[in-house]
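J.: how would this look folded up:
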Amino acid sequence: MTAPLVAWGAQDFISAGLPLRQALEQSLCPHPAELAARQRLQAFYVFLEHRPQWDGGRLARLTEQLEQLADDGLDPAEYLPVRLPDPASTPLRQACDELQASHAYLQALRHLAYGRYPRQKLEPLWHPTPRQADDGLLLVRAVLGLADLAQAFDKARPGLPQYRALRSHYRRQRTMPLPPFEPLPAGPLLRPGQLDQRTPLLRRRLFQDGWLSQPPPAGSDPLRHDPLLAEALERFQRQHGLKADGILGPATLAELNIGPAQRRAQLRINLERLRWLAADMEPDLLLVDIAGGRLRLYRDGLPVWETRTQVGRADRRTPQLKSRIDRLTLNPTWTVPPTILREDKLPEIRRDLGFLARHQMGVFDHQGRRLDPHSVDWSNPRGILLRQAAGPSNPLGRVALRFANPFSVYLHDTPSQRLFDEAQRTFSSGCVRVENALGLTDLLLEEGEHARVARLLESGRTHEYRLARSVPILMAYWTVEVGEDDRLHFRPDLYGLDAALQRAFNRPPSPGERNLAAAGDSP
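T.: Predicted coordinates:
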């Protein structure tokens, strides 16, 4: 597998009996270039005892399935064309054509199952232990799938309802001509009832996209932002994660000015994100939708509870991760993280030392000894911790839900309940604030734990409580999904991650990634 490619004169050494084995073991075909892909091919043919697999009928069915990868947002040209080994050609050429078809088959199944692009390079998701694609399972499925290629491809695709629904929408959209698009110019806030030169264009856009179905009342001023137009704009805002107030402001204008080509591309890249996520989805799971500002609890694969969340600001992002919630902090104190201490608290303390008393904050050294605030050099404090006492004004509220991670983030209650009514809830420094956190806590407890936890909460004292059964948590990022109404629900790209993933899709594959159409040709 690691031997260098040899000249085509090596075909003289191919034995009539074992051309596939020799072509693989001696690296006689110039495809695939990647070592890992060659190793998968070797293992695939070990299962098959090095017997050729691609006759005319099976190859036609493979080509059909590869062409349908376009519905998954993948580029069929990366895998096609595959061609039938010609009995009149040399044994080496026949072997290379056979291997080319199998490489395309294995690559396609792998990309469907695990994603086309390396997640950890583009949008890293932290795991307690590094995760790798299960090539053993993939190869078994590939071998068994030769009998029914359509079923093999379908089983490789994520079975997530969200993936299947989004794929259906993308399949319909990708074959439709793109509608004409004229962006709305910038301007002042446009409130319902006001006049604006942009109103006719706004009306055309909302009508063209299906948000507005009625013409303005007869005799009305075409420049007026009338009630029908305001209702249509509210519908658009709800479907795009915006505050549904009927006002044309900067956030709404930005979403309206995302053209149909970019929206179509957004569906494509989110299919990739769902392929990444599929392996981390479990029947019982707490799923934090970072961009959507929501949390869902799944039991036996079905959503049973949902609430709103507040997540990290763009400069203090909530990380993507997979872990397990294993303990609760009841009536938590809050130790101020270093970044918040440096950027938020120290300026306040330097202005007024009374800030500490007003916010029930104590100063401690790293051994937990309380310090006199007047003894600290606040111009350059070293070796100190700020800790806020448990109570109604504590930023963590009454409960924090803890899980292993290197980012010092967790889920928690919050006294800032009014912020849950905002459409874009990016207010935290990375942790996830949960609306009705006590309700979530109750759902995570086993039978018999509720009474004890209630008593500990009522005591008002801080207590670390280990759950009888830990719960998987997945915190992930995506920017479009299909709602229960079978409509696409977009949300603003809070962290600007869509552009980088789109660039990966737009970049031509390297020779090592592409399935070489000319593989097996003599110079």
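J.: Please make it C-alpha for all contacts and neighbour counts, starting now.
T.: Noted.
J.: Which residue ranges of the stretch 151-300 of the chain form helices?
T.: Applying DSSP state H, counting those that start in this stretch to the stretch 151-300 of the chain gives helices spanning 161-174, 199-208, 227-239, 250-256, 260-278.
J.: Can you tell me how far residue 25 is from residue 46?
T.: 11 Å (CA to CA, to the nearest Å).
J.: scratch that, residue 338 is what I was asking about
T.: From residue 338 to residue 46 the distance is 55 Å (CA to CA).
J.: How about residue 432?
T.: With CA to CA as the criterion, residue 432 and residue 46 are 49 Å apart.
J.: Mind checking the pLDDT average for stretch 470-482?
T.: For stretch 470-482, mean pLDDT rounds to 97.
J.: Buried residues, it. List them.
T.: For stretch 470-482, a neighbour-count test (16 or more other CA atoms under 10 Å) marks 471, 472, 473, 474, 475, 476, 477, 478, 479, 480, 481, 482 as buried.
J.: about what we covered before: the more surrounded of residue 432 and residue 46?
T.: It is residue 432, of residue 432 and residue 46, that has more neighbours when counted by other CA atoms under 10 Å, with 29 against 12.
J.: residues in contact with that one?
T.: Neighbouring residues of residue 432 by CA atoms under 8 Å, 6 or more residues apart in numbering: 309, 310, 311, 312, 318, 409, 410, 411, 412.
J.: okay, now the third one: neighbour count?
T.: If I follow you right, that is residue 311. Neighbour tally, residue 311, other CA under 10 Å: 29.
J.: same deal with the fifth one?
T.: Burial of residue 318, expressed as a neighbour count using other CA under 10 Å, amounts to 26.
J.: buried ones in the helix or strand bottoming out on mean pLDDT in the chain?
T.: In the chain, no helix or strand scores lower on mean pLDDT, DSSP states H and E than helix 338-340, which sits at a mean of 85. When burial is assessed from 16+ other CA under 10 Å, helix 338-340 yields no buried residues.
J.: Please apply the same query to stretch 492-506.
T.: 492, 493, 494, 495, 498, 501, 502, 505.
J.: now do stretch 245-261
T.: Here stretch 245-261 shows 245, 246, 247, 248, 252, 253, 255, 256, 260 as buried, counting by 16+ other CA under 10 Å.
J.: OK, contacts around residue 189?
T.: Applying CA under 8 Å, 6+ apart to residue 189 gives the contacts 247, 248, 249, 250.
J.: Any chance of these in CSV with distance to residue 92 and pLDDT as columns?
T.: Shown next, in CSV, are these (distance: CA to CA, whole Å; pLDDT from 0 to 100):
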residue, distance to residue 92, pLDDT
247, 68, 97
248, 66, 97
249, 65, 96
250, 63, 95
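J.: CSV for those residues, including distance to residue 85?
T.: As requested, the contacts of residue 189 are arranged in CSV below (distance: CA to CA, whole Å):
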residue, distance to residue 85
247, 63
248, 61
249, 61
250, 59
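J.: any idea which of these is the one closest to residue 235?
T.: Residue 235 lies nearest to residue 247 out of those, by CA to CA, at 11.6 Å.
J.: Quick check, that closest one in contact with residue 230.
T.: Yes: assessed by CA atoms under 8 Å, residue 247 is found in contact with residue 230 at 7.3 Å.
J.: which residues do these two both contact?
T.: Applying CA under 8 Å, 6+ apart, one finds that residue 247 and residue 230 are jointly contacted by residue 192.
J.: Restrict stretch 380-392 to CA atoms and write it as PDB.
T.: Output of stretch 380-392 as PDB, limited to C-alpha atoms (Å, rounded to 0.1, in the frame of the first residue of the first chain):
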ATOM      1  CA  ASN A 380      -2.600  44.300  38.700                       C
ATOM      2  CA  PRO A 381      -4.300  41.600  40.700                       C
ATOM      3  CA  ARG A 382      -2.600  38.300  40.900                       C
ATOM      4  CA  GLY A 383      -3.600  34.900  42.300                       C
ATOM      5  CA  ILE A 384      -7.200  35.900  43.200                       C
ATOM      6  CA  LEU A 385     -10.700  34.600  42.500                       C
ATOM      7  CA  LEU A 386     -14.000  36.400  42.600                       C
ATOM      8  CA  ARG A 387     -16.900  34.400  43.900                       C
ATOM      9  CA  GLN A 388     -20.500  35.400  44.000                       C
ATOM     10  CA  ALA A 389     -22.600  33.900  46.800                       C
ATOM     11  CA  ALA A 390     -25.700  31.800  46.000                       C
ATOM     12  CA  GLY A 391     -28.900  33.700  45.900                       C
ATOM     13  CA  PRO A 392     -31.500  35.300  43.600                       C
END
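J.: By residue count, which strand of this protein is the longest?
T.: Scanning the chain for the longest strand, with DSSP state E as the assignment, gives strand 463-476.
J.: Tell me which other helices or strands the next helix-or-strand element following that strand touches.
T.: Toward the C-terminus, strand 463-476 is succeeded by strand 480-482 as the next helix or strand (DSSP states H and E). Here strand 480-482 touches helix 161-174, helix 260-278, strand 488-490, going by 3 or more CA pairs under 8 Å, 6 or more residues apart in numbering; DSSP states H and E.
J.: change it to 7 Å
T.: helix 161-174, strand 488-490 (3 or more CA pairs under 7 Å, 6 or more residues apart in numbering; DSSP states H and E).
J.: List of residues touching that strand?
T.: Residues outside strand 480-482 that contact it (CA atoms under 7 Å, 6 or more residues apart in numbering) are 162, 165, 166, 267, 270, 488, 489, 490, 491.
J.: again, only this time at 10 Å
T.: Strand 480-482 has contacts (CA atoms under 10 Å, 6 or more residues apart in numbering) with 161-169, 239-241, 263, 266-271, 274, 291-292, 487-493.
J.: ok, now stretch 343-353?
T.: By CA under 10 Å, 6+ apart, the surrounding residues in contact with stretch 343-353 are 336, 338-341, 354-356, 373-374, 377-381, 386.
J.: if you look at those, which of them are in helices?
T.: Among the contacts of stretch 343-353, DSSP state H puts 338, 339, 340, 355, 356 in helices.
J.: Looking at these, which one is closest to residue 425?
T.: residue 340 (18.5 Å).
J.: Which residue ranges make up each domain of this protein?
T.: Following automatic domain parsing, the chain resolves into domains at 1-181+259-281+485-523, 282-482.
J.: Of all those domains, which one is nearest residue 191?
T.: Of all these, domain 282-482 sits nearest to residue 191, with 17.8 Å by CA to CA.
J.: Start and end of the closest one, how far apart?
T.: Separation of the first and last residues of domain 282-482 by CA to CA is 20 Å.
J.: roughly how far out does it sit from the chain middle?
T.: Relative to its chain's centre, domain 282-482 lies at 22 Å (CA atoms, centre = their mean, to the nearest Å).
J.: Any stretches of this protein with poor pLDDT?
T.: 1-17, 509-523 (pLDDT under 70).
J.: would you turn the contacts of residue 432 into TSV with distance to residue 451 and secondary structure?
T.: As requested, those are exported to TSV (distance: CA to CA, whole Å; DSSP: H, G, I helix; E, B strand; the rest coil):
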residue	distance to residue 451	secondary structure
309	26	strand
310	29	strand
311	30	strand
312	33	strand
318	33	coil
409	27	coil
410	24	coil
411	22	strand
412	20	strand
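J.: Distance-wise, check residue 422 relative to residue 309.
T.: For residue 422, the distance to residue 309 - CA to CA - is 10 Å.
J.: So for those two, which residue has more residues nearby?
T.: Neighbour comparison, residue 422 and residue 309: the larger count goes to residue 309, with 27 against 11 (by other CA under 10 Å).
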